[in-house]
Structure formats: structure tokens, C-alpha cells
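**Student:** Quick check, what structure comes out for this input:
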Amino acid sequence: MFPQMLLAASASLLISLVLTRMMIALAPHMGLMDQPGDRRIHTAAVPRAGGIAIWLTFLIVIGGGLLSGLLMPDKTVSWKWLGAFTAGSLVLVVAGFIDDQRGLRPLVKLAAHALAPSVFFLLHPISTGLFPTDWHWIWEFLAFVGWSVVLINAFNLIDGLDGLCGGLSAVACVALAVLAIVNGRVDSALLLLVMAGAITGFLRYNINPARIFLGDAGSMLMGFFLAAAATQSVGRRAVVGAILLPIAVAGVPLLDVLLAIWRRGAVRLLKKLNGEKILGGIFDADGDHLHHRLLASKGSQWKVATFLHGMAILIALLAFMPMIFGEQLMGFSLVGFMIIGMVGLRNLARVEIQHTGNVIHMAIKVPSRMRRLAALLFFYDFVVLLAAAMVAVLMETNWLTRGAEFQELSRFIMVFTVLGCVATLVVRVHNRLWVRATMRDILALQFWLLVTAVATFALFSTAYSAVEWSALRLSTMSFVFACIGVCLPRVALDLMRDFDLDARSRCTVDKGGMARHPVVILGAGDLGTLLLDHLKSSAHDRYPGLRVLGFVDEMRSLHGRRLRSFRVLGGISSIPVLAEKEGLKGVILAIENPRQDLLRELDELATRHDLKIHRWDVGIRGLPMTQRASAEAVSPVSHPGSPVFVREEKSYTVPSSGEVSTT
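**Tutor:** Down below sits the predicted model:
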């Protein structure tokens, strides 16, 4: 069958080259031209009919192969599949054609996204492998439609640079073809290689500078095809495939979708907290997609597309290893995904992190919302406890195919959920300000979840002594899943504020496009740490022009180390180098009793490199207590003002201040 695959892919490549060239000439007469605009990168009108060329190429090659019998003598691909795909994809091509011509409302496009896989499934039902074979077909239908809608939107959103969406689609097709061959799915491999050939022919004219774009018809077609083909490529390794297949097929586009939902949701919530009018919806377009940010840093469409293609290949390799070589490599893949996720969160999600930081700041600023927040947290905990027990039951019984009776398992889920909710109410975990949670708060919450698990085990094993070990495993897994689900968002609040401060320090311009002035903190001791805590809990507009590069400190043993994710860059002698290389504009003095020789050296460096010097100091100044016969009255504590560390006047002795002066 391999010669037929190679012949089919080659024929698809050649036909795609011809049809794409034809669409470049026909697109202006069809009204399919992408005009320059505020959100567009190109400066001249470009045809956007490449998706139609890919679609026609695929149908011609597969249909011609079925008619002639030359490419597929064993009839590995059926007319039924081709008819179902043609009908479903036609819905998207028509919707995309209209959208490219005059635009469609987001809800209408979303309806087309759901209609296309619905038509395909009803004409050619397929198994996702997620559910037992005796379950009703409606569950397979809903899973396939949901999976298809996600992929269609993911590839539609990522289509913003020359060669990006087409290249990611080609990478996914080739990777899935290899997986299909390993699993013995020759029919899926043939379809994937034919589509890969069609995309490659289109990419000949889509690489920067592009002569033609995919258009909405093409980007939506990519997502739909991959959803239809990938579902059958996994074979019977359904559990591993269900976890890793979406990441492998569309890791980069799905990341962009998650960031877009996170970003737009945070913006809408922030506007609601500020009492502003919310315009538009979560599906409205913006200019903060993944490729837009990388383009701002790398400066070249070709570099950004190449970087994201390489990232997609790496993600596909990590995802496919357990599916090809066995589930024992699942741990290796998960570690790789965790590393990619942490690096990506820190470097690619700065906009989302800053919006979330603003939301957290506004949420804790208005105490009247605490009751609603407590109710929301209780509902969240209830859902998590219920989900933790259900997942534990599904894992223990291998998706309800072995183990105790369903009635007994239902009672376990009910007991664990109810006891967990009672425990959280008794210890009043919903009334705590989790945005400033300590380790003691987290350990206390985990302790009461452990009490819940032990009590559930005792009750369940006493009532059903025949399943004692099963009860122990169920209780242990439920406790672990509940700890992760219940504690994670509470820990994430403070962690998000740390990420927010780090993101602000890495951004060279603020939201309004104004430059942020880089400064360093002189002193990596207690005052320096307090300064970072103050900046972390301050609103973004408190110090709009401030960008912290790191610390400088005279203690050599600290050089190169990190304090709250900020690096100790060296001693005071490193300031001239920072002024030259990083454009340093100021120094914040965070030393309680600085030496006079240090102050004089700092003054000379400030004069030589035109630096502003700010003073950070924290303290409490109390008025003398009035001696009285009765100690009823205590003199109030006066809060210090906001004095400036004035370098020009050589005035290094200042009152205590809890702010950084930016004057």
C-alpha cells in the first residue's frame, strides 16, 4: 500500500500547485480579497481562496482514486466516508466563503462549526473510544461534535501569519499519518498524506511574502479534517489517545484558544468590577494572539512561523511517544508538557497574567463582594469534591466495567462529597482571604480533606467489608484529586500575583504604549523583599513607568542568585554596565542604614549616568504617649508620608515611607 500512498500524495501536491495558482487569479473576481487593516499585517490586498484549492484537490485525488481503482485497489477508503466528509466540509466552505466575502456574525459561524461535524457523524458514525461500546450513540456524537468545534476554532484563530496555519496543519497531518501506520490504519494514513500533499502545494504560494491566504474556509476546513481523521488514527489505545491526541494534533492552536478565552474573560470581568460597560463578546477578535506577540519580539513572520512549527513538532513527539511505544512513557511526556507549560506561561502569557493581576487587585479591594465570593467558593468546592470522587470511581472500576455495584459506588461518591462540604463549612475555609493565603492555611485545608477521606473510608468499609481494599484505594485517590482541585485555585491566586509582577518587569512598554523605565533595587535584604511585596499588591497604574530589572547588592555571595524570581545582578559597580546595556534610568535604595561612602558612590554614579535615585523605607512613627492615671487612651499611630530621596540636595536622611517615589 505504500506505493499507492506515495503516488496519492505526489498527485495531490501537483494538483494543489495548479489549483492554488488558478485561485490567485480567480479570487479578485470572486470577491475573496483580504484588504489591509488595523489588525492586518500585510499592506496590500491578498487573495484568500487557498482553502478552496486545498478542498478541491483533496476531493479530486480521493474521488479519482476511488473511481479508477489505481490509487486504492483495496478500497481502503469508502465512498461513504468521502460522501460524509464532502457534505460536512461543504457547510464550512460555504460559511467561510460568505464570511470572506462580507462577514458573518460569530454565532452564525459557531452554528456552522457545529453543523459540519453533525452532518459528518450522522452520515458516517465513528467511535471516539471514550465510552463503553454499550453506551448510547448520542454520547459519541456529542464528544465528536465538541472535539471538532474546538479544533475548527483553534485553527481559525491561529491563521494570522504567512505559512502559519498551513504549516501547523501539515505537521499534524504527517504526525497523524505516522501514528495511523503504526496502528495499522492504512485508510486514515492515506487520507492524511493526501491532505498533507494538498497543503504543501498551497504553502508554495503562502510562505512569506504570501501570494494567497487560506481564508476562513481553509482554516476551518483544516480543523474539521483533522478532527475527522485524527479520531480514527489512534486505534484502540483510547485512554492514552483521549488525553494526548488533542495536544498532539493542535497543541499550538489550542494554546492560543485557551489564552484568548483567558484574556477576554479577564478583560470582561475587570470591566465589570470597575463598573464599565462591556462591549462585544468573548468571540470578538483582538490583536493579542500568540503569533502577534512573537511577531513583536522576533520581527519576522518567517521566524515566528518557523518557531511555532518547531514547537508543534516537539509537542507532537512528546504526545505520540506513549501512543506508539507504550503507556510507560506517559510520565516522560507529562514532564515535558509541564516544562513547556511553565516556560510558555512565563514568556507567552504576559498579557493574560497582567489582566488577571488587575482582576485580583480589584476583587480584594471591594470587601462587599466577599459574601458572593464565599458562596462561589463553596459551590466550586462542592463540584470539585464530587468530581474527585467520580474520577476515583471511574479509575478504580476501569470505566464501570469491574468492581463494586453501581449503587455502592454512588453511595461512596455521596458520602465523600457531603462530608467534604461539611468539613469546609465547619472550618470556615470560604471566609478566608485566600489571595493572601499562608502555608498554614493550605495545610489546614488539606488536613480536613484528609479527615474527610478517612471518615469516608471508615463508613464505606464498615458497611461493605468485602470491598475494604477498594474503599481504601477510592478514598486515597479521592483525597489526592480533591487536594489538587480544591487547593490549586487558592494557591494560584498568590502565584498569579507573582507572575503578574514578573510579567510587568519584562514588558518594556505599558498598555498605553508608553515606555517603562528600567530600575534596579539596591539592597537584596528585608527591605528589598518588602518592596517586591508592595509592588505585587499594588495596582498597575500605581507606578506606571516602573520596570524592575533586578537587585544589586554588595554581598558577593548573593550575586547570580534569585530573590522572588528577580536576579541579583551584581554589586554597585555593575550599575554603569546596566546603564549602558539595559538603559537603566533609576536606582531604588532599599537599605535601612546605608553607609555614607555607599551614598557618595551612588551619588557619583547617578550624576555620571543621569539616574534618578528613589528611597524605599518602611517604619512606624508613633507619637509619645501621654502619661495618665488610667491607661484608657492610647496615642494613635501616625502613618508616614511619601517623601522623595533628593539626590541634588545630598539629603540622605528621610522620614519613613511606605512608597517608592517616582518624582
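
**Student:** Which positions within stretch 259-268 qualify as buried?
**Tutor:** 259-260, 262-264, 266-268 (16 or more other Cβ atoms under 10 Å). To be clear about C-beta, it is placed using only N, CA and C from the backbone, and glycine gets the same treatment.

**Student:** Of those residues, just say which sits nearest to Asp597.
**Tutor:** Ala266 (48.0 Å; Cβ to Cβ).

**Student:** Surely the closest one touches Glu352?
**Tutor:** Yes: using Cβ atoms under 8 Å, Ala266 is in contact with Glu352, at 6.5 Å.

**Student:** Tell me which of the buried residues of stretch 259-268 fall in helices.
**Tutor:** Among the buried residues of stretch 259-268, DSSP state H puts 259-260, 262-264, 266-268 in helices.

**Student:** Which members of those are the farthest-apart pair?
**Tutor:** Leu259 and Arg268 (14.9 Å).

**Student:** my guess is Leu584 meets Arg547, correct?
**Tutor:** No: using Cβ under 8 Å, Leu584 is not in contact with Arg547; the gap is 10.2 Å.

**Student:** Comparing these two, which residue is more hemmed in?
**Tutor:** Leu584 (23 against 20; other Cβ atoms under 10 Å).

**Student:** residues in contact with the more buried one?
**Tutor:** Applying Cβ atoms under 8 Å, 6 or more residues apart in numbering to Leu584 gives the contacts 518-520, 549, 575, 578, 609, 611.

**Student:** Which residue ranges of the stretch 251-400 of the chain form helices?
**Tutor:** Secondary structure of the stretch 251-400 of the chain (DSSP state H, counting those that start in this stretch): helices at 290-298, 301-325, 330-348, 350-365, 370-396.

**Student:** Worst mean pLDDT among those helices?
**Tutor:** Among those, helix 350-365 carries the lowest mean pLDDT, a mean of 67.

**Student:** about what we covered before: quick one, which of the helices of the stretch 251-400 of the chain is nearest to Thr86?
**Tutor:** It is, among the helices of the stretch 251-400 of the chain and with distance given as Cβ to Cβ, helix 301-325, at 27.6 Å.

**Student:** For that closest one, name the packing helices and strands.
**Tutor:** helix 164-182, helix 238-273, helix 290-298, helix 330-348 (3 or more Cβ pairs under 8 Å, 6 or more residues apart in numbering; DSSP states H and E).

**Student:** Could you tell me the angle between it and helix 330-348?
**Tutor:** Relative orientation of helix 301-325 and helix 330-348, computed by axes from the mean of the first three to the mean of the last three Cα atoms, to 10 degrees: 160 degrees.

**Student:** in helix 301-325, what's buried?
**Tutor:** 301, 304-305, 308-309, 311-313, 315-316, 318-323.

**Student:** picking that back up, highest average neighbour count across the helices and strands packed on helix 301-325?
**Tutor:** Neighbour counts (mean count of other Cβ atoms under 10 Å) averaged over each of these peak at helix 164-182, with a mean of 25.

**Student:** what mean pLDDT does that helix have?
**Tutor:** So the average pLDDT for helix 164-182 ends up being 85.

**Student:** starting at the chain centroid, how far to that helix?
**Tutor:** 22 Å (Cα atoms, centre = their mean, to the nearest Å).

**Student:** Can you spell out which helices and strands pack onto it?
**Tutor:** helix 137-158, helix 186-206, helix 215-230, helix 238-273, helix 301-325.

**Student:** and the second one, what other elements does it pack with?
**Tutor:** Under the contact definition 3+ Cβ pairs under 8 Å, 6+ apart, helix 186-206 sits against helix 2-30, helix 50-68, helix 164-182, helix 215-230.

**Student:** Just name the most buried of those.
**Tutor:** Buried most deeply of those, by mean count of other Cβ under 10 Å, is helix 215-230, with a mean of 28.

**Student:** elements contacting that helix?
**Tutor:** helix 50-68, helix 79-102, helix 106-123, helix 137-158, helix 164-182, helix 186-206, helix 238-273.

**Student:** angle of that helix against helix 137-158?
**Tutor:** 140 degrees.

**Student:** So for helix 215-230, mean pLDDT?
**Tutor:** 87.

**Student:** With only the CA atoms kept, save it in CSV.
**Tutor:** This file holds the C-alpha atoms of helix 215-230, laid out as CSV (Å, rounded to 0.1, in the frame of the first residue of the first chain):
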residue,chain,number,x,y,z
GLY,A,215,-9.2,32.3,4.2
ASP,A,216,-11.8,31.3,6.8
ALA,A,217,-13.0,28.5,4.5
GLY,A,218,-9.5,27.0,4.6
SER,A,219,-8.6,27.4,8.2
MET,A,220,-11.9,26.0,9.3
LEU,A,221,-11.5,23.1,6.9
MET,A,222,-8.1,22.2,8.4
GLY,A,223,-9.6,21.9,11.9
PHE,A,224,-12.6,19.8,10.7
PHE,A,225,-10.5,17.4,8.6
LEU,A,226,-8.0,16.8,11.5
ALA,A,227,-10.9,16.2,13.9
ALA,A,228,-12.4,13.6,11.5
ALA,A,229,-9.2,11.9,10.5
ALA,A,230,-7.4,12.0,13.9
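
**Student:** Domain-wise, how is this structure divided?
**Tutor:** 2-246+303-314, 368-505, 517-622 (automatic domain parsing).

**Student:** out of the ones you listed, deepest packed?
**Tutor:** Of all those, domain 2-246+303-314 has the most neighbours on average by mean count of other Cβ under 10 Å, namely a mean of 20.

**Student:** and the end-to-end length of it?
**Tutor:** Across domain 2-246+303-314, the terminal residues are separated by 26 Å (Cα to Cα, to the nearest Å).

**Student:** Over to stretch 36-46?
**Tutor:** 9 Å.

**Student:** Confirm that Val519 sits in a helix.
**Tutor:** No: read with DSSP: H, G, I helix; E, B strand; the rest coil, Val519 is strand and lies in no helix.

**Student:** How much space separates Phe141 from Ala114?
**Tutor:** 11 Å (Cβ to Cβ, to the nearest Å).

**Student:** Ok, Gly560 next?
**Tutor:** Gly560 sits 54 Å away from Ala114, going by Cβ to Cβ.

**Student:** and if you look at Phe551?
**Tutor:** Phe551 sits 53 Å away from Ala114, taking Cβ to Cβ as the criterion.

**Student:** Isn't Gly215 up against Asp100?
**Tutor:** Yes: using Cβ under 8 Å, Gly215 is in contact with Asp100, at 4.7 Å.

**Student:** Overlap of the contact sets of these two?
**Tutor:** Shared contacts of Gly215 and Asp100, counting by Cβ under 8 Å, 6+ apart, come down to 32, 34, 48-49.
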